Each structure stands twice: as C-alpha cells, then as structure tokens.
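Colleague: Got a sequence here, can you model it:
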Amino acid sequence: MGCRKFIAVATLAFFGGEFPLVTMAQQAGVPQTAPAIRATTELVLVNVVARDKKGNLVRDLKREDFTVLEDGQKQQVSSFDFENIDEMALVGQTTPVATGSAAEAGPANASGPSAAVVDARDRRLILLFFDFSAMDTDQIDRAVDSAKKYVDSRMQPADMIAVVSLATNMHLDLDFTDNKAKILSVLRAYNSGSGQGFDSGGTGSSEGAAETSGAFTADDTDFNTFSADRKLLALQSLVQAVGKLSQKKSLIYFSNGISQSGVDNQSALRAATAAAVKANVAIYPLDVRGLQALPGGGEAQNASLHGQSAYTGASVLNDLNSNAASQDTLSTLAADTGGKAFFDSNDFTGVFSQVQKDTSAYYILGYTSSNHAKDGRFRHIKVVLNRSDLKLEYRAGYYAGRDFEHSNRNDREQQLQDELAAELPATDVAVYAGASYFRRDDSHYFLAVSLVVPGSQIPFVQEKDKDSATLDIAGVVLEGGKFQVGQLRDTVKLAVDSTQQVRRKNVQYNTSFVLAPGSYHLKFVVRENRTGRMGTFETDVQVPDLRKVPLRNSSVVLSSLRVPATGKNKATNPLVGDQTELVPNVAHVFTQDQHLYLQFEVYDAAKRKNLMPVALPPPATGTSAAAPVNASPAKPAGDSIRVLTSVEFLQGDVKVYESKPIVATELTVPQRKAVVFQLDLPLQALKPGYYTCQVNIIDDVAGNYAFPRWAMLIKEPATAPPMTKF
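Modeller: Presented below is the predicted three-dimensional model:
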C-alpha cells in the first residue's frame, strides 16, 4: 500500500553544536561505558592420519614427532590429541548424544532434549545431509536406501549419526546418536515427496532445450545462482553448528550436483569451505545420479530437443559439460575440506567405507598461527614427521579470518544486513533509541526516531586539522514483526576540532518514517567504521488510529535542546518551527540548569459556535512559561475551540509543582486540524530526584481529556567545564 511507503530524512545531533546537520552537547541521560580489555585467540586444528608403507595406521606417535609449518613458518603446537576410534569401548552405554551437537542447524522433529550426554572423544561423528531440494523420486530412493543399508549392516559401535535434510527449509531430523532404531526410523520417514524437483533452469536459448510447446525459453540464470547459493549457505550453516566439537566430523552430502553461475557463487563456496575447515568438518559429496547415460537425443522420458544439436553431437557435449560443472563444485568441497568426492558410480557403499577408514585413528594438532593478520588469505599448511618411513594425510590449508579492516564494501554491507536479520543483537556499541508519532492525515503518521550512541565509544582518527569518524546506520520497520514497510541506510561522517569534548557527550541521529496506523517492530544497527564494532537496538512501536479515541493527541516529546533546523524535511517535520528543531531527549534525564521543552499536538478539537470572546490568562512567569504556537490573546465570536493544558510534577502521590493552564482557542495548523503546544519549563526550582511528569490535556468543548505521564530524573548541574560549541 502506498500509505506504508518509507520516507526518511535524517539529522544527527551531538547535543549543543552548530554543524549543518550535527550538534553535540553533554547528555546526562545516557551512561558512558567504561573501557574494557578483550583478548581473543583462534586455534587452528589439523587432522593427521599416519600410515606405514603397507597402509597400516600408526598409533604410537608423540607431539614431539610432528612439526607444523604455515606458509613456510614453523608453528608452536599447543595441543595434541590422538583419537583411537577402533578401540573405543562402549560397554553399558545407551543412546548417547554428543555435546555441542548440530542442534543449531535447524529445528528438531523430536520433542524434548536427550537425557544422556557424553563426550565425543573416540567417537566417529558422521552427519548424513540429504539435499532433497533438487532430487527427483528415483534419486531420493537411492540416497535413502544406501543410508539404510549402512546403518543396518556396516554401522560400527563407535559411530554416532546425525541426520539433516534440506527441502523447502533445512531441518535437523536427528541429533548425534548411536541408536540404530532411531536412525532407521528417521530414514524411513523420508519418501519420494520429500524432494522439490527444482531442476536447473534454462539460459534463454532454445537451441538444445526440450520442446515444451512454450512460446519462448526462459532465462533462469538468476534462479540458478540463487539455488546454488542456497545449497552452499545451508552447508555453511550446518558445519558452523557442529564447530563446538573439536573432534573430526565427517559430512556425507547426498546431492545431485551444484552448478555455479560463473563467479557469482564463488563467495558462497569459499565461505562454506572456510567454515568447514574452521569447524574441523570433512565433506564427502556423493552424486546420487550415479553413472549416467547421455544419449544424443535426450533420455526417453524427456521431450525432443529444439534445433540441430541432437544431430551434430552438440547436445552430448553440452550434457557432459553440464554434468562436469555440477560435479566440479562437489569436488572442490571435498578437496578443500579434506574429504573425498564420489561420482559416476551406482554403488554408494564406498563413501561410508571411506569415512570409516579416514576416521579410524588420527591425530589432532592444534596451534595458534604466528600470522595474526585477518586478511582472509589462504594459508598453506605442511606437517613434517621426524620419520621418513611414514606417510601423512592432512588438509592442504585454510582461509584466515577476515577482520573489518580487510573486508571490502560488499562484505561490509552484507555484515549490516546479516546483523539486521540476526536473532541475537550485537552489543559491542551501546545504542539507545526513542520514537514519537504525529498525525499527518487520517491514514498517515509521522514517526520520529532518535538513536543515541555514547561519544566515548566512537574512535576518532586525526585527518588534517580535524578528528574524524564515520558511522554506518541501517534499520528496518516491520509491520506486525513480519512484513518490511520501511528501511534505512545511511553513513554519517563526523569531524570535530577536538575529541575531548565529544567523548563526554553523546551522538544522536534523528530520522523519520511515514506509516499507517498499526503495530510495528523497529530494528536498527549502528557500526563505527574504524574497528567494525556494532550495536543493535530494537523495539515495538504502536502507531494508534486516532479516529477511534475520544481525545486525539500526538506523543509528548521531551527535550532540553533546540538547534537550527536543517535537512529536507523542515516543511513536514512537526518538531521544526521558527527555523529551529527540537532534539528529543531519549533518556528523560535533565539537570537543574536546563530547560524542559515539551511539544505535542491535539487534533480535531471540537468547535462551539456563537461564543463570546475568550480572554486568555496572562503569560506565565516565574518557573514556567508556555503557550500554544501562534496563539492569539483573544478569540472573536464565531466557530471556536477551547483546549487547555498544564504540566505537573509528582513524587509518589505528592504533587510538588503544577504550571498555570494554557488555553488554545484556534487551530495552529489548519491543514492538519492540529493545535500545537510548545512549553518551556525552567527546572532550577525543582530539587534533584525522580519525578513523574504528567501533562493534562482537556478539550473543554467536547468534554474529553487525556493525562499522559512518564518518569524523569532531574540531576544537579554538571561540574564539567562549560559546553563548547563546535
């Protein structure tokens, strides 16, 4: 709907300054975060299988027998372990579940957590991953039957199996267990309807395509790219979920191939292999298509081909190239993770034998790389043994992590989008927010949003004569928590003469949306662009339908600061008037030497005809002064309104202060049928402490009233030096 479109104009405030869109001042309401010292380390794990000249496993090697080189540089082996799975004793154990399992990969079908939890040491951890998203009926049956035969006849006591499937969504159907009955029960539940049959789409050319009586051949290149990314991202998510287990994990990937679209899928492929190496997962892809016959005219169940390719041999060449391309990605997954791919065979038992062979006995070497650069480059690993009569098997290397400094523009944008979609918020940067609404017409409301970040958390760098920093801000507005109706993406550049004052103040970013009445979920991500630290704030906001309430009023905005109005939304922003803009105080914390500015609007005030002139009370003096915007001293006879307002402060049930009533007798903004109230209350007469502030609003003609209230804190004046304007 058009009324739900996003309209955003932003201003940024460092409370008290004079930038065109930026001001800064000390804000008493937002706590400053104390500095923290953090240290992180990443352990690189290398699985090593040692064999003698006859191919027998060697089980008596020690830590000092190994030397690990990374890019030619010797590394200090900090951890050493030997997994001897063949000699694992399983007497008296029933239905164990490995700790740190794949439960994060997706929702489990079984209800309730498993009771028995054991260590995964000396266990063979195997994940059966069925990619049903593009399989046909025969392929599903072959894949599931091969897994059943393995469980029935070849599964060993040390084997622990987890079962995961991908169709419309990815599901963890069974956690790690050695209970054959449970595993077979899950496998029997799979049927030919589990697949989606999403074949690879066409490229827009009819030559060599099957005759379907269509008017044209669609170009499904974008779909093919998305489909490949979806499979690779599912693999990445799965291997990350089992990364808590230090033991080697073997993932048997039942697939009918992954066809990449040029370089478009390279980033997803690299991310999947890097995640697998980091999680110590070896991928064993199995092409469930088996050994294929590729006749020139196509298979018997397919329609005849367009064009001449069936007669020139081009169709056979195209089929061979397509088949090889879809297997190439699977081969890469195996080679880069230390697994092995199985192609062009109708005997699927080989993959299970290979997994058991590769994980019968192996050494786990762990080291912390001496190269601390997070540049995302490939690091070559070489393991040297002090015995020349043995052969070692290990993966060739790994991709280093990539920090914010080495990430490119696309990676940084993706980071923001990933954080917006994440269920757990980022908390490295403190973010506070507040929202208020104003009516534009019966079906459109102006939602003003303010984001606050403590200045102490923004690292500045010296550029020429000024200290500078940048903030990336992204946000979404979800109607009902599901449907996106608004979004925000902005980069804010900060430049100040000195960061000393900034660090004791707060940066406030103001933006707005135009929305229809309803329930909304707001989520914002703020990232400072020197270290890449991020913070998230999300909240639910209710935009009311004022047509359904007796007294129609906007939110009450509290502020301690007015700044020169800037930006493109000066004409439509209710917080802008007389070339100044009211900066909302999100925390509702003030000091005695400040003024409390309140602004709100009343809509559709009732009118009474043939009234005598109404004399307004004299302007308030002393500790408060307030008046409706553009209010006149008297209203002549004729159509008239009468709206009264006052402000009172309470501590508990005791009223400690009440301002004199203000009366409005005419509309301030006739086109919006609004009366705008702006109140200015000096706070020096109020003692420091917590208060309940209440605004009394009365429509005297209609007999309607409202009493919005909120908590606020008044503090003693800060002893800091006077505020410096930038």
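Colleague: Could you use CA atoms for every contact and neighbour count after this?
Modeller: Noted.
Colleague: which residues of the protein fall in helices?
Modeller: Along the chain, counting by DSSP state H, helices occupy 137-149, 180-189, 221-241, 266-278, 309-312, 314-337, 349-358, 409-421, 499-502.
Colleague: For L546, which of those helices is the nearest?
Modeller: Minimum separation from L546 across the helices of the chain (Cα to Cα) falls at helix 409-421, 30.9 Å.
Colleague: what packs against that closest one?
Modeller: strand 466-479, strand 518-528 (3 or more Cα pairs under 8 Å, 6 or more residues apart in numbering; DSSP states H and E).
Colleague: pLDDT averaged over the shortest one, what's the number?
Modeller: So that's strand 518-528. For strand 518-528, the mean pLDDT works out to 95.
Colleague: Could you give me the buried positions within it?
Modeller: 520-528 (16 or more other Cα atoms under 10 Å).
Colleague: Return the distance of it from the chain's centre.
Modeller: Between the centre of strand 518-528 and the centre of its host chain there is 11 Å, according to Cα atoms, centre = their mean, to the nearest Å.
Colleague: One more: stretch 368-375?
Modeller: Using Cα atoms, centre = their mean, the offset of stretch 368-375 from its chain centre is 27 Å.
Colleague: what comes into contact with that stretch?
Modeller: Residues outside stretch 368-375 that contact it (Cα atoms under 8 Å, 6 or more residues apart in numbering): 41-44, 70, 75-78, 400-403, 406-407.
Colleague: what residue lies at the spatial centre of this protein?
Modeller: Centroid check for the chain by Cα atoms, centre = their mean gives E419 as the closest residue, at 2.4 Å.
Colleague: if I read this right, that one contacts T427, doesn't it?
Modeller: No: E419 lies out of contact with T427 (Cα atoms under 8 Å); the separation is 11.1 Å.
Colleague: and the nearest residue to V77 once chain neighbours are set aside, how many neighbours does it have?
Modeller: Spatial nearest neighbour of V77, chain neighbours left out: Y367 (4.7 Å); criterion: Cα to Cα, 6 or more residues apart in numbering. Look at Y367: counted by other Cα atoms under 10 Å, it has 17 neighbours.
Colleague: try T427
Modeller: Neighbour tally, T427, other Cα under 10 Å: 12.
Colleague: Tell me who's in contact with it.
Modeller: Residues in contact with T427 (Cα under 8 Å, 6+ apart) are 534-536.
Colleague: Now do the strands in the stretch 51-200 of the chain.
Modeller: All strands of the stretch 51-200 of the chain, identified by DSSP state E, counting those that start in this stretch, fall at 66-70, 73-75, 77-84, 97-98, 117-118, 124-131, 159-166, 170-177.
Colleague: Make JSON lines out of those strands and add mean pLDDT.
Modeller: As requested, the strands of the stretch 51-200 of the chain are exported to JSON lines (pLDDT from 0 to 100):
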{"stretch": "strand 66-70", "mean pLDDT": "95"}
{"stretch": "strand 73-75", "mean pLDDT": "94"}
{"stretch": "strand 77-84", "mean pLDDT": "89"}
{"stretch": "strand 97-98", "mean pLDDT": "47"}
{"stretch": "strand 117-118", "mean pLDDT": "42"}
{"stretch": "strand 124-131", "mean pLDDT": "92"}
{"stretch": "strand 159-166", "mean pLDDT": "92"}
{"stretch": "strand 170-177", "mean pLDDT": "90"}
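Colleague: Quick one: those strands as CSV, columns for mean neighbour count and distance to N280 too.
Modeller: Converted to CSV, those look like this (neighbours: other Cα atoms under 10 Å; distance: least, Cα to Cα, whole Å):
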stretch, mean neighbour count, distance to N280
strand 66-70, 18, 17
strand 73-75, 16, 19
strand 77-84, 17, 14
strand 97-98, 24, 15
strand 117-118, 12, 19
strand 124-131, 24, 11
strand 159-166, 23, 16
strand 170-177, 22, 16
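Colleague: which stretch among these comes nearest R289?
Modeller: Using Cα to Cα, the strands of the stretch 51-200 of the chain put strand 124-131 closest to R289, at 12.6 Å.
Colleague: quick one, that closest one and helix 137-149 angle?
Modeller: 170 degrees (axes from the mean of the first three to the mean of the last three Cα atoms, to 10 degrees).
Colleague: oh, and call the first residue 9 from now on, that's how I've got it
Modeller: Sure, I'll start numbering at 9, so the last one becomes strand 132-139.
Colleague: how close does D436 get to Y665?
Modeller: D436 is 41 Å from Y665, where distance means Cα to Cα, to the nearest Å.
Colleague: looking at the strands of the stretch 59-208 of the chain, which is closest to K256?
Modeller: Using Cα to Cα, the strands of the stretch 59-208 of the chain put strand 132-139 closest to K256, at 7.1 Å.
Colleague: Which neighbouring elements make contact with that closest one?
Modeller: So strand 132-139, by 3+ Cα pairs under 8 Å, 6+ apart, packs with strand 167-174, strand 257-263.
Colleague: at 10 Å what do you get?
Modeller: helix 145-157, strand 167-174, strand 178-185, helix 229-249, strand 257-263, strand 289-295, helix 357-366 (3 or more Cα pairs under 10 Å, 6 or more residues apart in numbering; DSSP states H and E).
Colleague: Deepest in the core, which of these is it.
Modeller: Greatest average neighbour count among the helices and strands packed on strand 132-139 goes to strand 289-295 (a mean of 27), per mean count of other Cα atoms under 10 Å.
Colleague: what ranges of the stretch 509-658 of the chain fall below the confidence cut-off?
Modeller: The model of the stretch 509-658 of the chain has pLDDT under 70 over residues 509-510, 575-577, 617-647.
Colleague: Try it again at 90.
Modeller: 509-515, 538-539, 555-556, 570-581, 584-588, 615-648 (pLDDT under 90).
Colleague: and Y713, how many neighbours?
Modeller: Y713 has 18 nearby residues by other Cα under 10 Å.
Colleague: Please look at it and A613 and confirm they touch.
Modeller: No: if you go by Cα atoms under 10 Å, Y713 and A613 don't touch, sitting 11.0 Å apart.
Colleague: quick one: common contacting residues for these two?
Modeller: The contact sets of Y713 and A613 overlap at 559-561, 651, 706-707 (Cα atoms under 10 Å, 6 or more residues apart in numbering).
Colleague: Select from those every entry located in strands.
Modeller: Cross-referencing the shared contacts of Y713 and A613 against strands under DSSP state E gives 560-561, 651, 706-707.
Colleague: Let me know the closest of these to F454.
Modeller: N561 (13.0 Å).
Colleague: OK, contacts around the closest one?
Modeller: 445-447, 554, 608-613, 682-684, 705, 713-714, 716.
Colleague: Of the residues you listed, just the buried ones, PyMOL syntax please.
Modeller: Those of the contacts of N561 that count as buried under 16+ other Cα under 10 Å are selected in PyMOL with:
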select buried, resi 445+446+447+554+608+609+610+611+612+613+682+683+684+705+713+714
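Colleague: quick one: S86 and R71 touch, right?
Modeller: Yes: between S86 and R71 there is a contact under Cα under 10 Å: 9.4 Å.
Colleague: Now list whatever residues contact both of these two.
Modeller: L373.
Colleague: coming back round to it: relative to I466, which of the contacts of stretch 376-383 is nearest.
Modeller: For the contacts of stretch 376-383, the closest approach to I466 (Cα to Cα) belongs to D411, at 18.0 Å.
Colleague: measure that closest one to A343 for me?
Modeller: Counting by Cα to Cα, the gap from D411 to A343 is 26 Å.
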